[in-house]
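>>> Need coordinates for the below:
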Amino acid sequence: QVRLVESGGGLVQAGGSLRLSCAASGVTFSSYAMAWFRQAPGKQREFVAAIGSSGGTTNYADSVKGRFTISRDNAKKTVYVQMNGLMPEDTAVYCCAVTPALFAAPATEAAYSYWGQGTQVTVSS
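The predicted structure follows:
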């Protein structure tokens, strides 16, 4: 059974930083692409960042490029997103997702097979 558990969310002031983690189980982690999506109240879920199975390929939404960095530790079966320069518009529930894919880092929801429950990130102005 695939399980994804996010952690690291919280309340932070604008300009601050957070690092989210997503621990996976029930998958051959090193053969899966991982991604972060987010959903703000009243809005559709949107892509944030993705990373290929080996970590060599990354993909970012334009809105977070230069501020967020996705990484993974295959030994720990964990994917991270370091979020710097947070802005109020980054406030959302952040979910991680996983899909069996070598090297690719898809940016579309439909590409991902399994999802975590999410962690809340709130950025105050």
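
>>> contacts and neighbour counts: CA atoms only from here.
Noted.

>>> Give me the phi and psi angles of Ser21.
The phi and psi values for Ser21, taken as degrees, to the nearest 10, are phi -120, psi 150.

>>> residues near it, how many?
24 (other Cα atoms under 10 Å).

>>> Next, the closest residue in space to it that isn't next to it in sequence: secondary structure please.
Spatial nearest neighbour of Ser21, chain neighbours left out: Tyr80 (4.5 Å); criterion: Cα to Cα, 6 or more residues apart in numbering. State at Tyr80, reduced to three classes by DSSP: H, G, I helix; E, B strand; the rest coil: strand.

>>> ok, Tyr80 - contacts?
Residues near Tyr80 by Cα atoms under 8 Å, 6 or more residues apart in numbering: Arg19, Leu20, Ser21, Cys22, Ile70, Ser71, Arg72.

>>> Mind listing the strands whichever strand or helix holds the fifth one pairs with, and their directions?
Right, Ile70. For Ile70, the enclosing helix or strand under DSSP states H and E is strand 68-73. Using DSSP bridges, the strands paired with strand 68-73 are strand 78-83 (antiparallel).

>>> and the strand it pairs with, C-alpha only, in CSV?
Output of strand 78-83 as CSV, limited to C-alpha atoms (Å, rounded to 0.1, in the frame of the first residue of the first chain):
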residue,chain,number,x,y,z
THR,A,78,11.7,11.4,1.1
VAL,A,79,11.2,14.3,-1.1
TYR,A,80,11.6,17.9,0.1
VAL,A,81,10.8,21.4,-1.1
GLN,A,82,12.7,24.3,0.3
MET,A,83,10.6,27.4,0.1
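
>>> pLDDT of whichever helix or strand comes after it, averaged?
Counting by DSSP H and E, the next helix or strand C-terminal to strand 78-83 is strand 92-100. Taken as a whole, strand 92-100 carries a mean pLDDT of 96.

>>> What segments of the protein are helices?
Taking DSSP state H, the chain contains no helices at all.

>>> Val27 and Gln44, how far apart?
27 Å (Cα to Cα, to the nearest Å).
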